[in-house]
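K.L.:
task: produce atomic coordinates for the following.
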Amino acid sequence: MPPKKKKQQYNGFYMYMQAMIPELNRQGYKISGMKDAVPICHPTWKKLSDEERAAYDKQAKQIKEIKRNGETTYGRLDNTGHIIHERVDPVAMNEQRRHKERQKVKECWDGDGVILETFFMIDIQSLCTKELQSEEAIVRYLPCEIACVEYSLNAGIHKSWHKFIYPPDIPTGFRFQCKNDSENTHQIPIQNFELADGNYSRIWKELCKFVNPLGNQEYPPVYCLMDHCEKIEWCLDWLSFKARCHNFFDNVYELEGLVMDLFAHAGGNMPSKSQAHDLLTTSVFDYERDTRCPYHEEIEVRFCSLGICKRYCFCLSDALANLYDLDLTGAHLPEKPDGSVYTVIEPHQMLLDVDPMQVQASRPRPVAYMPPKPSPRPLPSSANTTSLVVPAYDTSRRKQLESDLGPFSQGTSKPTLPAGRGFVAPADKPLRRPHSLGIAASMSGVQWKGSGGPKKDNTDDWPSLGESSISARRGGRGGVHTNPRYAGHSIPPPASAAPPPPMEWHVKSPRTL
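P.N.:
Down below sits the predicted model:
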């Protein structure tokens with residue numbers, strides 16, 4: 001039995017030799033293994049200080065911990081050339097960051113005093129709704145509108161600030177995308193917009209003064225949706241760069257986390273992050289009057305930065321009013337004039353030709369159209385007859401119907417055909433022969449192939465023709481059909497009965513040379 005292989009012992013000296021082998025090879029030493037490096041590295045190891053040795057000892061302990069846990073990927077590279085054990089999970093890191101931010105905010109809350117805390121909602125609109133994916137594109141977004149709102153649970157909306165920004169130049173190849181996104185969302189022109197302000201320094205100073213009027217060293221956090229955090233952070237960095245100022249807005253927090261913490265602080269059931277997102281993106285307040293900037297109020301577009309920030313505040317007030325016993329005012333929720341209960345969207349105002357991937361989830365539903373129900377035709381006075389409405393195509397069609405009813409009217413008078421659309425047929429006589437072709441069969445070209453001629457009529461074998469004779473004898477009101485059904489006519493109307501096509505359909509034949 002071969003001897004067992006000795007396990008590698010990891011210590012500080014071993015890690016020191018691993019770090020020195022590449023340097024020794026460059027100096028000309030021939031190092032084929034760790035044994036060759038021991039006599040060369042041992043003298044220098046003795047000369048190291050205690051702090052330098054502690055660094056290598058720490059590395060050895062980390063390797064021992066990894067080996068003990070069964071991880072054998074230490075020092076290995078993945079397909080991108082990065083060390084596997086040094087890889088980080090960006091999603092987990094982002095969650096840890098957001099958790100620390102929420103804990104920092106909650107530490108300042110003091111019982112019921114949270115209703116006096118002020119929160120700043122921010123939103124930035126871009127000419128392109130998605131990040132520009134191009135190696136040549138220097139910019140990732142094209143900000144064109146910015147708004148910020150100060151809000152508290154006790155007083156509602158305190159004040160608001162709004163500006164249109166002169167956007168950066170559109171990169172080559174993205175002009176159509178920007179134009180399409182703009183028309184489907186905020187409808188801000190992609191160039192030559194008269195309301196846009198190109199003085200970035202003034203815009204930045206106004207925003208800083210609005211959020212931090214006292215000029216404190218630490219700026220309060222600003223809140224937006226979690227899907228917009230990356231865009232807001234990039235746009236603020238770009239705006240501060242264009243203004244040649246330092247970016248003080250390092251704290252761009254998720255609004256969904258704030259909603260969850262406010263519910264939990266009041267003792268209510270804390271919603272999930274997706275539920276908080278649905279609460280903030282509801283379409284209830286999308287088309288309230290006097291909630292948007294004058295430009296978007298005039299064109300009636302809900303993709304307005306000022307309107308979006310105000311809708312965040314409305315949703316918070318509406319959801320937390322009962323938990324915090326708030327006295328709702330016009331600053332908490334939009335006031336509706338008398339008689340204004342709902343908003344009607346006309347069909348010509350709805351955008352129908354839109355890419356399904358660009359349609360927003362919170363689009364309001366249009367008013368459904370309910371056509372009036374047709375009034376039923378009066379039944380004939382005779383108790384043994386049932387009225388059936390049949391379209392009157394032309395004279396030849398009426399003659400065909402009369403011929404179909406001829407064999408079934410033996411011993412009885414021929415049914416009369418009154419003027420107008422429709423005729424009256426006896427209830428105990430089916431409309432057509434059971435073996436005759438229906439409309440669908442006659443249109444498909446199917447012909448009758450039964451042998452021995454047509455079968456005898458029997459409503460028991462053909463229930464679609466009406467009530468059977470057995471059910472009629474069991475109390476069917478003296479043999480009268482209570483709910484007769486007919487299968488249709490055997491022959492479709494002739495081609496001459498079809499109405500002529502409109503003049504718009506006529507296509508002129510091309511000229512022959």
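K.L.:
and Thr329, what are its phi and psi?
P.N.:
phi -130, psi -170 (degrees, to the nearest 10).
K.L.:
would you confirm that it contacts Asn154?
P.N.:
No - under the criterion of CB atoms under 8 Å, Thr329 is not in contact with Asn154, lying 10.2 Å apart. C-beta: built from backbone N, CA, C; applies to glycine.
K.L.:
what about the two, which has more around it?
P.N.:
Shown here are Thr329 and Asn154; by other CB atoms under 10 Å, Asn154 has more neighbours (16 against 12).
K.L.:
the closest residue to that one other than its chain neighbours: what's it in contact with?
P.N.:
Nearest residue to Asn154, sequence neighbours excluded (CB to CB, 6 or more residues apart in numbering): Ile115, at 4.3 Å. With contact set as CB atoms under 8 Å, 6 or more residues apart in numbering, Ile115 has these partners: 152-154, 324, 326.
K.L.:
and Ile190, how far from Asp78?
P.N.:
Distance of Ile190 to Asp78, given as CB to CB, to the nearest Å: 42 Å.
K.L.:
my bad, His228
P.N.:
His228 sits 32 Å away from Asp78, going by CB to CB.
K.L.:
how about the strands of the stretch 51-200 of the chain, start to end?
P.N.:
Assigned by DSSP state E, counting those that start in this stretch, the strands in the stretch 51-200 of the chain fall at 119-126, 143-152, 156-164.
K.L.:
want to throw those strands into CSV with mean neighbour count and distance to Met15?
P.N.:
Listed next are the strands of the stretch 51-200 of the chain as CSV, based on neighbours: other CB atoms under 10 Å; distance: least, CB to CB, whole Å:
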stretch, mean neighbour count, distance to Met15
strand 119-126, 25, 49
strand 143-152, 23, 50
strand 156-164, 17, 57
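K.L.:
closest to Trp238 out of these?
P.N.:
Nearest to Trp238, of all the strands of the stretch 51-200 of the chain, is strand 143-152, at 6.9 Å by CB to CB.
K.L.:
in the stretch 51-200 of the chain, where is pLDDT below threshold?
P.N.:
67-77, 81-86, 134-137 (pLDDT under 70).
K.L.:
which one of Ile190 and Asp78 is surrounded by more residues?
P.N.:
Neighbours were counted for Ile190 and for Asp78 using other CB under 10 Å; Ile190 has more, 17 against 10.
K.L.:
now that one: how far from Tyr324?
P.N.:
In terms of CB to CB, Ile190 sits 43 Å off from Tyr324.
K.L.:
now do Ser240
P.N.:
Distance, Ser240 to Tyr324, by CB to CB: 35 Å.
K.L.:
thinking again about what came up before, dump the strands of the stretch 51-200 of the chain to JSON lines, plus distance to Asn184.
P.N.:
Listed next are the strands of the stretch 51-200 of the chain as JSON lines, based on distance: least, CB to CB, whole Å:
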{"stretch": "strand 119-126", "distance to Asn184": "12"}
{"stretch": "strand 143-152", "distance to Asn184": "14"}
{"stretch": "strand 156-164", "distance to Asn184": "19"}
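K.L.:
residue contacts, the closest residue to Phe193 other than its chain neighbours?
P.N.:
Spatially, and ignoring its direct neighbours in sequence, Phe193 is nearest to Phe164 (6.7 Å; CB to CB, 6+ apart). Neighbouring residues of Phe164 by CB under 8 Å, 6+ apart: 144-145, 188, 193, 195-197, 295.
K.L.:
most neighbours among those, which one is it?
P.N.:
Glu145 (27 neighbours).
K.L.:
that one contacts Gln187, doesn't it?
P.N.:
No - Glu145 lies out of contact with Gln187 (CB under 8 Å); the separation is 10.9 Å.
K.L.:
wait, what's in contact with Leu142?
P.N.:
Counted by CB under 8 Å, 6+ apart, Leu142 has contacts 126-128, 132, 167-168, 170, 178.
K.L.:
which helix or strand contains Phe263?
P.N.:
Secondary structure from DSSP states H and E places Phe263 in helix 255-265.
K.L.:
correction: Cys235
P.N.:
In the assignment (DSSP H and E), Cys235 maps to helix 229-243.
K.L.:
tilt between that helix and strand 143-152?
P.N.:
110 degrees (axes from the mean of the first three to the mean of the last three CA atoms, to 10 degrees).
K.L.:
any residues touching helix 229-243, and which ones?
P.N.:
122-124, 126, 131, 139-141, 143, 146, 165, 168, 200-201, 203-205, 207, 222, 224, 246-247, 249, 252-254.
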